[in-house]
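[1] sequence isn't available, so here's the structure alone:
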């Protein structure tokens, strides 16, 4: 019995490779200076889904991203690595979404795919670093969630249970729950595979559909016919049947009061000897300057 | 985000400007597979775009996976554990990634799981791989064995082996050399005999076998009992089983990641590839020529790695209050390194173009016998040019790589002699390139015939007829240099001492190589002003060297030929 596997991915600015000023004067991110990449932990989520698919013949992997037209690049990258079908959730009215509005749109997209067993996503994206979208999506779907997963110890397709290893401070814990479930993945396990050259050449010209057609089983088609087809589903608000007031800016209660560009400077270093007295004196100093307490 | 394709402007320059239309049409049989495979190109532009994408993927894997482990692979080396070869950890990881990326069948046809890339594109990949890790190409992305089998094997052999090679499930090796048959492969003695069942069995020892642990081996063996020389040798496909033992691994100066094995065959079953008695003269020669071009790319990649280290160091190292790059002896070394690498790259791609055209035309003539007349004259031409240029490119690039890695250490000074820096590894890795797949001395033997017979003259005439209005003064010098080569050639051919041409053949090959490269760099300069400066530096340096070599030849019977036996007695 195959499983329906969903992967949520995001195109993000590469905060590791900054080729200019990362922030604009108004404190917003200068996207022009940052190359757009596949959010690193999402690659681990995709890898986890692909491995689950390989171990459970008949499974299919659907990758969904929300973003502007340029976000098709991460969907193509997903196809190159082995995704069966991909969808771009894109609409002007999704713009400026906070985590609440984003998770609402993603929830609608996931529901559009029909019955599903596991939703994989990265623990957090390197731009916002909130780690909220995964858990919120699970809540809205009304399903189980296991966050910060670094490994899957067991997946029982018949009994529909998963046992996952999740990273916690100072160690890890093993959690078992029933499907469907949403897992947020860290970068500790599931080292991402490279793109396949053959798949890359097959899908390099894949583009979004002109109209927002419905979700179908086209992924089962013979790939030799792919070349001339628009392969990437494009879903707007209407295609998802989403409530406009819950999307984008309108659906985002988060209001940014002020953005500050903080430049961290290394301060002086104080060596503390490994003695009771010295440590005690340091703790007192920290309490005195309100770092502690 | 590092990428060994995208950060190499010179490879990108060649990919942009090389004329690949005919090569692509031949390779793709006028796009006959476009409806069969979704990854097959539909036209020339599509094919070029696909090549770039494949190379970009290779460049990414080289920078992100292969290169970061190279020093560790060199340190760890390979081990023989219970009769089985164990690669270094980084090597295993890279092999796994390349297989997952579907790159192991780089040059194989699509029906076996390959990408059907031409030799020219393989050269670019081979250079990048070797820049990342000089020891990896010989077995990591080696396509020669698969290609040889693809060209000469039976359908049964191909179907049994090629898909597994393309998926990376199995590795391969070419099993030629023996303790007493190195440069002289005609002396091979490993015995192939037919059992009562009509099957072939191999018995004997092979030595210096790169990746001898590979599951698939192509073995040169003596099939005709009592015979001597090349005509008694046949070619066999052997698949690893318990009848072959790896006796030992060599402890080498460089390319530590690559296992060099001594193999003992004990009644090992094998199947004949192609026709009997053609083992050396046809199949091994084809395999070696293919591998030689690969080594030209490998040596260029190692040089590129060393040059980048040297340039970085020369920019950062401050002595006498300035970066050492600003001192003439240092910037001259760096400039010469860069110019000679670009020279080697132009020569390599010109060679690969001839090889691709030859292979494409051969394939065309076989597939469409009724139209073989169309291909006939060009096939003859490119066969000769490929035979001339392959040893020339191998000789030039491998010697160049040795010089570049040598100078890279020199620029580092004492620091470069230390293990902590990469240049000493590049220097050690480069040292094998002008030895294996035929020493430079043997490349000279392979090339000299094409020079004395006029093949070289023919292509030089063609080069001369191109438009060099952008470098008029330079082309005058090149023409004059060619006159000097011709003078030397006429003189050498007229000398009575029969050893005279042989004695001077390396000089003559080097003179010819320099003139060929001069034209190629001038051709590159049509597209780019910087390339004109590169051509100028190369030509200004080669001109007096050619004159010097000519003068030495024109001295007549050489003092070395007359006196060597007394001097080295």
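    Perfect, I can see it now. All values reported here derive from a predicted model rather than from experimental measurement.
[2] from now on I want contacts and neighbour counts done on CA atoms only, so please keep to that.
    Fine.
[3] could I get the buried residue list for the longest strand seen in chain A?
    If you go by DSSP state E, chain A has its longest strand at strand A:144-156. Neighbour-count burial for strand A:144-156, counted by 16 or more other C-alpha atoms under 10 Å in any protein chain shown, picks out A:144-152, A:155.
[4] okay if I get these as TSV plus distance to chain B?
    Formatted as TSV, the buried residues of strand A:144-156 follow (distance: C-alpha to the nearest C-alpha, whole Å):
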residue	distance to chain B
A:144	33
A:145	31
A:146	29
A:147	28
A:148	26
A:149	24
A:150	21
A:151	20
A:152	21
A:155	24
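[5] can you list the residues that contact stretch A:131-144?
    Residues outside stretch A:131-144 that contact it (C-alpha atoms under 8 Å, 6 or more residues apart in numbering or on different chains) are A:99-100, A:102-104, A:106-107, A:121-125, A:145, A:147, A:177-184.
[6] so where do the strands sit in the chain?
    Since you didn't name a chain, this refers to chain A. Using DSSP E, the strands assigned to chain A run over residues A:4-9, A:11-13, A:36-38, A:60-66, A:85-89, A:118-122, A:144-156, A:161-168, A:171-178, A:181-185, A:233-235.
[7] ah, I was thinking of chain B
    Using DSSP E, the strands of chain B run over B:79-81, B:84-86, B:172-175, B:191-194, B:200-210, B:216-222, B:233-239, B:244-249, B:260-273, B:318-319, B:322-323.
[8] report the contact partners of residue 180.
    The chain I'm using is chain A. Counting by C-alpha under 8 Å, 6+ apart, residue A:180 touches A:116-119, A:143-144, A:160.
[9] chain B was what I was after
    Counting by C-alpha under 8 Å, 6+ apart, residue B:180 touches B:187-188.
[10] for residue B:206, see how far away it is.
    10 Å (C-alpha to C-alpha, to the nearest Å).
[11] can you check residue A:150 too?
    From residue A:150 to residue B:206 the distance is 48 Å (C-alpha to C-alpha).
[12] just residue B:95 next, same as before
    Going from residue B:95 to residue B:206 by C-alpha to C-alpha gives 25 Å.
[13] show the buried residues in the contacts of residue A:180.
    Buried by 16+ other C-alpha under 10 Å: A:116-119, A:143-144, out of these.
[14] just flag the most distant two among these.
    By the measure C-alpha to C-alpha, A:116 and A:144 form the most distant pair in those, at 12.6 Å.
[15] so what's the residue in the stretch 1-150 of chain A that chain B sits nearest to closest to, chain neighbours aside?
    Residue of the stretch 1-150 of chain A nearest chain B, by C-alpha to the nearest C-alpha: residue A:17 (7.6 Å). Distances taken as C-alpha to C-alpha, 6 or more residues apart in numbering or on different chains place residue A:34 nearest to residue A:17, at 6.8 Å, with adjacent residues excluded.
[16] got a markdown table for the buried ones among the contacts of residue A:180, with pLDDT too?
    Shown next, in a markdown table, are the buried ones among the contacts of residue A:180 (pLDDT from 0 to 100):
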| residue | pLDDT |
| --- | --- |
| A:116 | 95 |
| A:117 | 96 |
| A:118 | 97 |
| A:119 | 97 |
| A:143 | 96 |
| A:144 | 96 |
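[17] got those residues as CSV, with distance to residue B:455 columns?
    CSV is the format used below for the buried ones among the contacts of residue A:180 (distance: C-alpha to C-alpha, whole Å):
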residue, distance to residue B:455
A:116, 68
A:117, 68
A:118, 67
A:119, 66
A:143, 75
A:144, 75
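[18] close to chain A: what parts of the stretch 51-200 of chain B are there?
    With C-alpha under 8 Å from any C-alpha of the partner chain as the criterion, the stretch 51-200 of chain B meets chain A at residues B:53-54, B:57, B:97, B:100-103, B:115.
[19] closest one of those to chain A?
    When these are compared for distance to chain A (C-alpha to the nearest C-alpha), residue B:101 comes out closest, at 4.0 Å.
[20] and the closest one, what's its pLDDT?
    pLDDT recorded at residue B:101 is 97.
[21] quick one: residues contacting it.
    Residue B:101 makes contact with A:193-198 under the criterion C-alpha under 8 Å, 6+ apart.
[22] show me what the residue nearest to residue B:250 when sequence neighbours are not counted is bridged to.
    Using C-alpha to C-alpha, 6+ apart and skipping residues adjacent in sequence, the residue nearest residue B:250 is residue B:260, 5.5 Å away. Legend: beta-bridge partners of residue B:260 under DSSP bridges are residue B:210.
[23] about what we covered before: pull the distance from the longest strand of chain A to the chain's centre.
    Taking C-alpha atoms, centre = their mean, to the nearest Å, one finds strand A:144-156 lying 15 Å from the centre of the chain it belongs to.
[24] check stretch B:336-347 too.
    With C-alpha atoms, centre = their mean, you get 15 Å for stretch B:336-347.
[25] isn't the residue nearest to residue A:17 up against residue A:14?
    Yes. At 5.6 Å, residue A:34 counts as touching residue A:14 under the criterion of C-alpha atoms under 8 Å.
[26] return the per-residue confidence for residue B:497.
    What the model reports for residue B:497 is a pLDDT of 84.
[27] actually, residue A:219.
    41.
[28] what does the stretch 51-200 of chain A have sitting close to chain B?
    Counting by C-alpha under 8 Å from any C-alpha, the residues of the stretch 51-200 of chain A near chain B are A:193-200.
[29] please redo it, this time with the cut-off set to 10 Å
    Contact residues, the stretch 51-200 of chain A versus chain B (C-alpha under 10 Å from any C-alpha of the partner chain): A:80-81, A:192-200.
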